[in-house]
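**Student:** Any chance you could fold what I've pasted below:
(2 chains)
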Amino acid sequence: RKEVEQDPGPFNVPEGATVAFNCTYSNSASQSFFWYRQDCRKEPKLLMSVYSSGNEDGRFTAQLNRASQYISLLIRDSKLSDSATYLCVAGYKLSFGAGTTVTVRA
Amino acid sequence: EAQVTQNPRYLITVTGKKLTVTCSQNMNHEYMSWYRQDPGLGLRQIYYSMNVEVTDKGDVPEGYKVSRKEKRNFPLILESPSPNQTSLYFCASRGRMNEKLFFGSGTQLSVL
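**Tutor:** The predicted structure follows:
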């Protein structure tokens, strides 16, 4: 079983919509969780860390569910510029999921 | 400027010709890692290093070697490249355990 699994999508949403997707992790001892954004096979860039109590950064909200071993990312009021691949990362080895592709259309 | 520098950015080679992709960071980070990215598979970890002279296999180490003789450098070595190693490679580093990864700009390798 992969350490981190993501719904690959693609999610195709209109501007202004809310989109949410999850990522499951297999190692219950994992302590570090992140969401990264990647554009067109460029280097991934940190979107946000994920904290136990959940956290928000503008239109982005990240949640951690330890009981079910998943993290989630919610994007509100989607913009065209949010179109990207979103990668979740978990564990001390920082294992990446395969990525969730989001396309926001006008 | 804090950065991870990878070279070269693009590399085309032939099967069996040894090559090295260099990675250097200027942030005094202890942890460094190599990933390869293939369509539909995301980033898969090749090797990582928790500190100087400490390296460990990731998920896909076959066909690769690394070394960590100094804290700032973590080269990736392909002793005998094969076409299935054609991929986009990223080097990354981080400071403390819960800090974010800093990535290099990537190396697109094509093995013919």
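
**Student:** what ranges of chain A fall below the confidence cut-off?
**Tutor:** A:1 (pLDDT under 70).

**Student:** The spatially closest residue to residue B:11 that is not a sequence neighbour: helix or strand, and which one exactly?
**Tutor:** Leaving aside its chain neighbours, residue B:11 sits nearest to residue B:109 (5.0 Å; criterion: Cβ to Cβ, 6 or more residues apart in numbering or on different chains). For every residue, glycine as well, the C-beta is placed using N, CA and C. Assessed by DSSP states H and E, residue B:109 sits inside strand B:107-111.

**Student:** how about the CA coordinates for that strand, as PDB?
**Tutor:** This file holds the C-alpha atoms of strand B:107-111, laid out as PDB (Å, rounded to 0.1, in the frame of the first residue of the first chain):
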ATOM      1  CA  THR B 107      16.300  18.300 -14.000                       C
ATOM      2  CA  GLN B 108      14.700  16.800 -17.100                       C
ATOM      3  CA  LEU B 109      16.700  13.700 -18.000                       C
ATOM      4  CA  SER B 110      16.200  11.800 -21.200                       C
ATOM      5  CA  VAL B 111      18.100   8.500 -21.700                       C
END
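
**Student:** Please report the distance of the residue in chain A positioned nearest to chain B from residue B:42.
**Tutor:** Chain B sits closest to residue A:98 of chain A, with a gap of 3.4 Å, by Cβ to the nearest Cβ. Look at residue A:98 and residue B:42: by Cβ to Cβ, to the nearest Å, they are 3 Å apart.

**Student:** which residues are in contact with both of those two?
**Tutor:** residue A:6 (Cβ atoms under 8 Å, 6 or more residues apart in numbering or on different chains).

**Student:** Could you tell me how many residues sit around the residue of chain A closest to chain B?
**Tutor:** Residue A:98 sits with 23 neighbouring residues when counted by other Cβ atoms under 10 Å in any protein chain shown.

**Student:** So which residues on chain A come close to chain B?
**Tutor:** A:6, A:8, A:31-32, A:34, A:36, A:41-46, A:49, A:87, A:89, A:92-99 (Cβ under 8 Å from any Cβ of the partner chain).

**Student:** Out of those, which sit inside strands?
**Tutor:** Within these, residues falling in strands by DSSP state E are A:6, A:34, A:36, A:45, A:46, A:49, A:87, A:89, A:95, A:96.

**Student:** Are any of these buried, and if so which?
**Tutor:** Those of those that meet the buried threshold are A:6, A:34, A:36, A:49, A:87, A:89, A:95, A:96, by 16 or more other Cβ atoms under 10 Å in any protein chain shown.

**Student:** Report the contact partners of residue B:52.
**Tutor:** The contact partners of residue B:52, taken as Cβ under 8 Å, 6+ apart, are B:68, B:69, B:70, B:71.

**Student:** And it, what's its pLDDT?
**Tutor:** On the pLDDT scale, residue B:52 is placed at 94.

**Student:** Tell me which two of the ones in strands among the residues of chain A next to chain B sit farthest apart.
**Tutor:** For those, with distances taken as Cβ to Cβ, the pair at the greatest spread is A:45 and A:95 (18.0 Å).

**Student:** For the residue in chain B that chain A sits nearest to, list each beta-bridge partner.
**Tutor:** Residue of chain B nearest chain A, by Cβ to the nearest Cβ: residue B:42 (3.4 Å). Under DSSP bridges, the beta-bridge partners of residue B:42 are residue B:38.
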